[in-house]
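*Asks:* Coordinates for the following, if possible.
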Amino acid sequence: MTSKVCEPDRAVVAASQWFAGATGQAMLKRQQADIDKALACVFGYHLCQISVCRALNLTASSRIPHKFALNPLADGSGWEGARGDLSLLPLACESVDAVVLHHALDYSATPQQLLAEAARATIPRGYIVIQGFNPWSVQGVWHWSRRHTSGQPLWQHHHLRLGRLLDWFAVLGLSPVALSYGRYWPGAGPCEGLENSCQRLKLPWGSYYTACVRKDVMGALALKPDWSTVEVRALGPAQRKASREGCRSELFK
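*Replies:* Just a heads-up that it's a prediction; the model follows:
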C-alpha cells in the first residue's frame, strides 16, 4: 500500500470521537449486529479484538470465554489487554481462535501485513471477522473527498475495496464464509426500511462491509514406515536387516 495514513494514536483519538457521535453510533449499532451474527457459531477459548476505537467491546455476545482487545493507546486501565501498533501483533502463532478487526485495516500503515499477522495468530480452522469502510458508497465518496480537502486524521485512511481483500484472502489461505454490507444511508436518521431492503437485495453500496473468513490449512497425513522391510546399511562391508521378530544380523563378506 502506497497511500499514506495518519499515525495510529491520532487515528484512534479521531475515530473514537466520530463513533461516539450520532452518525457513528448509528453505524456502530448495525456493525454490532453483524459481528454478533458472525460470532454466533464461532467457538473456542481465546478471542482477540483489534479496533481503531478505545473502550469499545464488540465481542460481548460471543460464547468464547477469554476475550481481550489490543489497541495502539492501551494503558491497562480498560479491558484492552496490550498495545498493538496495527502492523505487528504481540500474539504467538496459532494462539487465538478468532480475531475481530474493526476498521483496523483502514488505519493500518501496512494493512496486508496486519491481515497476515491476524492469520498467523489464528489457529487452523479459526475465524477472522473484518469490518471496514466501503469506498463504493455515499459515505466512501465523502471520505475520499475530505481526504483531499481536509487535513483531519479521521479521513486519512485507506480506501480498501472488498475485492482487494478477497485477493489477499486467497494469498493467505483464508476462505470467505460470509460477506455483507451495511448502513446504506450514511446519516444518523432512522432508515430501517431502506436498510433491510438493501441488505435483502445484497446491494454492494453500504457504508461499510463485513467479511467473515476461515483459516483453512491443508492437512498433512503422516505415513508410518513399514519397519519389517527396512534394510539398514552400516558403514563397512556388513549389511543388517531389521524385522518385526527382532534384530537378526547377517554378515556378508
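*Asks:* Buried ones in whatever helix or strand Asp167 lives in, by neighbour count?
*Replies:* Using DSSP states H and E, Asp167 maps to helix 162-172. For helix 162-172, the neighbour count (16 or more other Cβ atoms under 10 Å) marks 162, 165, 168-169, 172 as buried. Any C-beta I mention is one placed from the backbone N, CA and C, and that applies to glycine too.
*Asks:* For the residues you listed, could you give me a markdown table that also reports distance to Thr59?
*Replies:* Output for the buried residues of helix 162-172, formatted as a markdown table (distance: Cβ to Cβ, whole Å):
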| residue | distance to Thr59 |
| --- | --- |
| Leu162 | 22 |
| Leu165 | 21 |
| Trp168 | 23 |
| Phe169 | 21 |
| Leu172 | 22 |
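*Asks:* Give me the buried positions along the helix or strand following the helix holding Asp167.
*Replies:* Using DSSP H and E, the helix or strand that follows helix 162-172 towards the C-terminus is strand 174-182. By neighbour count on 16+ other Cβ under 10 Å, the buried set for strand 174-182 is 174, 179-182.
*Asks:* do the same with stretch 48-61
*Replies:* Buried residues in stretch 48-61 (16+ other Cβ under 10 Å): 48-54, 56, 58-59.
*Asks:* Lowest-confidence one in the residues you listed?
*Replies:* Taken together, the buried residues of stretch 48-61 show their lowest pLDDT at Arg54, with 86.
*Asks:* The residue lying closest to that residue once chain neighbours are set aside: helix or strand, and which one exactly?
*Replies:* For Arg54, ignoring the flanking residues on the chain, the nearest one in space by Cβ to Cβ, 6 or more residues apart in numbering is Ser16 at 4.9 Å. Using DSSP H and E, Ser16 sits within helix 8-20.
*Asks:* Tell me which other helices or strands that helix touches.
*Replies:* Other helices and strands packing on helix 8-20, by 3 or more Cβ pairs under 8 Å, 6 or more residues apart in numbering; DSSP states H and E, are helix 22-39, helix 104-107.
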